[in-house]
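Enquirer: Next comes the sequence, and after it the predicted model I'd like to discuss.
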Amino acid sequence: MKSLFISLALLLAPATLGAHAPFSIQDAGQAVLDFGRTHNSGFSSQDVQNAASEWLDEAKQSILKGKMNMERWYHQGREYIKQNNLMYEFVTHPDLQSYDLRVTEPKLCDSTVKQYSGYLDVASDKHLFFWFFEARNKPKDAPLVLWLNGGPGCSSSTGLLFELGPCNIANEGKNTTFNPHSWTKDANVIFLDQPVNVGYSYADDGTTVSTSPVAGKDVYAFLELFLSRYPEYSKTQFHIAAESYGGTYAPNFASVIYRANKELALAPNPKLKHINLASIILANGLTDPYVQMASVPDYVCDGPFPVYAPDDPQCGALRTKVPTCQRLIQFCYNSGSRFACVGANVYCNTQIMAPLMQTGLNPYDVRRKCDRSEKGDGPLCYKQMGWIEAWMNNPSNKAALGVNPDRNFASCNMEVNQAFTMNGDGMHNSAALLPELVDGGVRLLVYAGNADMMCNYLGNSRWVEALPTKFSGEFKKSKVIPWITADSGKVAGEVRSAGGEGFTAGNVTFVNVYNAGHMVPYDQPDAALDLFTRWIRDTPLST
């Protein structure tokens with residue numbers, strides 16, 4: 001059967017296999033499909049689909065064979081390129097001349113949905129990897145979501161393969177399993193490895209990015225190029241969802257988008273797209289260090305999973321460090337000085353957080369102990385992080401994703417982490433960027449698992465309550481209401497909200513997720529999906 005369809009393809013597209021002729025493999029494959037559907041071939045539609053898919057794969061290899069430096073070529077208004085023996089569609093924009101996209105179409109993880117992956121190339125020396133999954137249900141009507149993991153320096157593959165993506169890592173990284181609680185159920189989701197040198201992302205000359213505002217410019221360019229090539233995803237709402245250090249990233253990135261939208265509105269003939277920024281979702285994030293660092297002693301001594309008894313001397317010792325920590329952070333806030341911010345970072349982390357790292361507990365879930373040995377839980381306290389690295393370093397998976405098989409993948413890059421630390425980036429008040437956005441109509445959801453010690457729920461709830469927006473008075477008066485999941489009917493947490501008069505999910509909303517650590521979709525997958533689905537649909541969380 002396969003040979004029959006290959007022959008048909010050759011007849012239908014005789015110029016397709018010429019080495020220098022303008023062509024599109026996808027067009028030839030579509031011709032095979034159209035022929036099989038409109039002629040009495042004796043094969044089922046699934047046979048036709050399978051044969052066409054196999055032919056497309058073989059045709060790509062035939063074209064690429066022996067051509068290490070194929071020049072770019074065009075077909076029907078699209079540009080194509082070959083690098084490292086891999087074929088990409090090449091996407092550019094006249095108003096973003098320092099950026100381009102290289103895109104391929106993998107079939108990994110969830111082969112039932114449309115996928116795109118590849119690279120944003122920045123000024124020819126920085127290359128950011130992305131992987132997009134279309135929604136399982138009604139993708140044309142589904143919102144677009146950008147998911148970011150934190151660190152800083154950690155790949156979004158953690159979110160993809162361990163938390164909320166369409167598949168879960170399994171069997172020590174040998175394969176993946178279907179995730180029924182994926183956020184791609186009702187959303188088109190992009191997982192982006194940023195900044196450069198994180199995950200599959202890389203720099204040709206050792207270039208690094210070490211501040212969130214600079215990283216935000218690259219993310220904005222990526223979104224503009226992606227939506228220019230795939231305008232169907234620009235028509236619905238756009239949400240930024242970010243975890244951990246993403247609590248610093250996301251406000252910065254959203255601010256870049258929001259201000260760019262305002263500039264476009266004033267431009268006489270804008271060529272870039274207005275990005276329909278609807279909301280920011282911060283998941284167990286680091287956003288306002290002044291408030292959050294001060295909450296640590298309260299959490300570890302009086303929280304739902306206390307590390308120390310309230311009368312333990314360690315509680316008193318931690319509390320004595322808070323005033324100095326806050327004074328240094330305030331100096332960072334006021335001055336913006338790299339020196340001041342690095343000093344605050346060093347003091348607060350060594351004096352407040354470091355003692356907690358020595359308890360032997362998992363800082364991302366204080367209900368558990370952590371064996372940091374390679375044979376135990378690993379340096380990040382979850383052995384699945386090593387499984388992810390094994391799967392992502394599989395040469396065939398790399399090739400399918402448009403990644404050079406010689407490139408090594410690591411879940412977290414400590415050099416990137418150190419670069420951000422030495423710039424004091426994580427001590428800036430990213431929450432200060434949010435009032436302009438919230439007052440301008442961008443909704444804000446902050447959620448936190450109550451077993452997380454790294455970015456605990458007390459600190460997150462306190463900075464949200466202190467956020468000076470037009471909803472702050474209403475939020476301070478709001479009552480804590482049980483959050484009951486729609487499918488299971490169980491109490492999954494508690495919610496506070498302002499805006500929407502009870503008919504929506506709110507304009508400023510905080511959710512305390514019960515029995516979950518730093519990675520809520522991993523610990524409570526059904527509840528996390530319920531929360532996310534209600535939020536993007538803007539339906540109340542308290543009913």
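Expert: Perfect, thanks for sending it.
Enquirer: use CA for all of it now, contacts and neighbours both
Expert: Fine.
Enquirer: Setting the sequence-adjacent residues aside, check what's closest to Trp131.
Expert: Nearest residue to Trp131, sequence neighbours excluded (Cα to Cα, 6 or more residues apart in numbering): Ser117, at 4.2 Å.
Enquirer: So which elements touch whichever strand or helix holds that neighbour?
Expert: When elements are assigned from DSSP states H and E, Ser117 belongs to strand 115-122. If contacts are counted by 3 or more Cα pairs under 8 Å, 6 or more residues apart in numbering; DSSP states H and E, strand 115-122 sits against strand 99-104, strand 126-133.
Enquirer: so how far is it from its chain's centroid?
Expert: Centroid separation between strand 115-122 and its chain, computed with Cα atoms, centre = their mean, to the nearest Å, is 14 Å.
Enquirer: So what touches it?
Expert: With contacts defined as Cα atoms under 8 Å, 6 or more residues apart in numbering, strand 115-122 is touched by 88, 98-107, 126-134, 201, 218, 222, 401-403.
Enquirer: So in the chain, which helix runs the longest?
Expert: Looking across the chain with DSSP state H, the single longest helix is helix 313-335.
Enquirer: buried residues in the helix or strand following that one?
Expert: Note on helix 313-335: by DSSP H and E, the next helix or strand toward the C-terminus is helix 338-348. Of the residues in helix 338-348, those with enough neighbours to count as buried (16 or more other Cα atoms under 10 Å) are 338, 340-345, 347-348.
Enquirer: could you pull out the helices for the stretch 401-543 of the chain?
Expert: Counting by DSSP state H, counting those that start in this stretch, the stretch 401-543 of the chain has helices at residues 414-421, 434-439, 457-466, 472-477, 520-523, 525-537.
Enquirer: Go through those and name the closest to Asn168.
Expert: helix 520-523 (9.7 Å; Cα to Cα).
Enquirer: The closest one - what's its average pLDDT?
Expert: On average, the pLDDT along helix 520-523 is 98.
Enquirer: got the angle for the longest helix of the chain vs helix 338-348?
Expert: Interaxial angle of helix 313-335 relative to helix 338-348 (axes from the mean of the first three to the mean of the last three Cα atoms, to 10 degrees): 170 degrees.
Enquirer: Which positions in helix 313-335 come out as buried?
Expert: Buried-residue list, helix 313-335, by 16+ other Cα under 10 Å: 314-315, 318, 321-322, 325-326, 328-330, 332-333.
Enquirer: ok, of those residues, which one's closest to Asp141?
Expert: When the buried residues of helix 313-335 are compared against Asp141 (criterion: Cα to Cα), the nearest one is Tyr333, at 41.2 Å.
Enquirer: Do I have it right that the closest one meets Ser430?
Expert: No - if you go by Cα atoms under 8 Å, Tyr333 and Ser430 don't touch, sitting 9.8 Å apart.
Enquirer: Flag the shaky bits of the stretch 101-250 of the chain, pLDDT-wise.
Expert: For the stretch 101-250 of the chain, no stretch has pLDDT under 70.
Enquirer: where do the strands sit along it?
Expert: Ranges of strands in the stretch 101-250 of the chain, per DSSP state E, counting those that start in this stretch, are 115-122, 126-133, 144-148, 167-170, 175-178, 188-192, 202-203, 238-243.
Enquirer: In TSV: these, plus distance to Tyr80 and mean neighbour count.
Expert: Formatted as TSV, the strands of the stretch 101-250 of the chain follow (distance: least, Cα to Cα, whole Å; neighbours: other Cα atoms under 10 Å):
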stretch	distance to Tyr80	mean neighbour count
strand 115-122	13	23
strand 126-133	17	25
strand 144-148	25	25
strand 167-170	29	22
strand 175-178	31	16
strand 188-192	22	26
strand 202-203	21	20
strand 238-243	28	25
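Enquirer: Quick one: closest of the ones you listed to Val291.
Expert: With respect to Val291, and counting by Cα to Cα, the nearest of the strands of the stretch 101-250 of the chain is strand 238-243 at 17.9 Å.
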